[in-house]
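Engineer: got a predicted structure plus its sequence, pasted below:
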Amino acid sequence: MSGSLAGMSFVTVWDVLDGLYHGLREPVPVSEFIGLSEREQGGLMQAADERCARFPAEDRRRAREAFLKVDYLGRRRKFLGIRPAEPYELPRGARFGEVYVVEVEKSNR
């Protein structure tokens, strides 16, 4: 629930986590998938298979109908935190403090 207080705009921790949660569950567009290298496509397929293997058998087929953005993470599912992007990580036109990086690392599971 982003808002403002006395004319100051702000974003809450809830806004960030909610955005991550919903954003990672969006489907990967077919045009985006086609643009990936064979290696990247294989990694995405493997991650989707591992994600769907956790579903009960009767739900797996439906779950596997689409690749989700979370599948890009593969086994990097351990959340380490969020930090401001370094100057070399900023997209063109962005200023320091406008872009944040979500830090993740590989999980053993």
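Structural biologist: That came through fine.

Engineer: find the nearest non-adjacent residue to the residue minimising distance to the centre of the chain, please.
Structural biologist: Centroid-nearest residue in the chain, with Cα atoms, centre = their mean: L24, separated by 4.0 Å. Excluding its sequence neighbours, the residue lying closest to L24 (Cβ to Cβ, 6 or more residues apart in numbering) is V70, at 4.0 Å. C-beta coordinates here come from the backbone N, C-alpha and C atoms, glycine included.

Engineer: what about that neighbour, distance to Q46?
Structural biologist: Using Cβ to Cβ, to the nearest Å, we find V70 at a distance of 13 Å from Q46.

Engineer: same question, P91
Structural biologist: Per Cβ to Cβ, P91 is found 29 Å from Q46.

Engineer: okay, these two: which has more neighbours?
Structural biologist: For the pair P91 and Q46, the greater number of neighbours falls to Q46 (13 against 8), based on other Cβ atoms under 10 Å.

Engineer: three-state assignment of that one?
Structural biologist: Here Q46 is helix, with the state taken from DSSP: H, G, I helix; E, B strand; the rest coil.

Engineer: surely it meets L73?
Structural biologist: No. Using Cβ atoms under 8 Å, Q46 is not in contact with L73, being 11.9 Å away.

Engineer: can you show me the CA trace of stretch 61-77 as PDB?
Structural biologist: The C-alpha coordinates for stretch 61-77 follow below in PDB (Å, rounded to 0.1, in the frame of the first residue of the first chain):
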ATOM      1  CA  ARG A  61       0.000 -30.900 -15.600                       C
ATOM      2  CA  ARG A  62      -2.000 -27.700 -15.100                       C
ATOM      3  CA  ALA A  63       0.900 -26.100 -13.200                       C
ATOM      4  CA  ARG A  64       3.400 -27.000 -16.000                       C
ATOM      5  CA  GLU A  65       1.300 -25.300 -18.700                       C
ATOM      6  CA  ALA A  66       3.400 -22.100 -18.400                       C
ATOM      7  CA  PHE A  67       6.900 -21.100 -17.400                       C
ATOM      8  CA  LEU A  68       6.800 -18.500 -14.600                       C
ATOM      9  CA  LYS A  69       9.200 -15.700 -14.000                       C
ATOM     10  CA  VAL A  70      10.200 -17.500 -10.800                       C
ATOM     11  CA  ASP A  71      11.700 -20.200 -12.900                       C
ATOM     12  CA  TYR A  72      14.400 -17.800 -14.000                       C
ATOM     13  CA  LEU A  73      15.800 -18.100 -10.500                       C
ATOM     14  CA  GLY A  74      16.400 -21.900 -10.900                       C
ATOM     15  CA  ARG A  75      17.900 -23.000  -7.600                       C
ATOM     16  CA  ARG A  76      18.700 -19.500  -6.500                       C
ATOM     17  CA  ARG A  77      15.800 -19.400  -4.100                       C
END
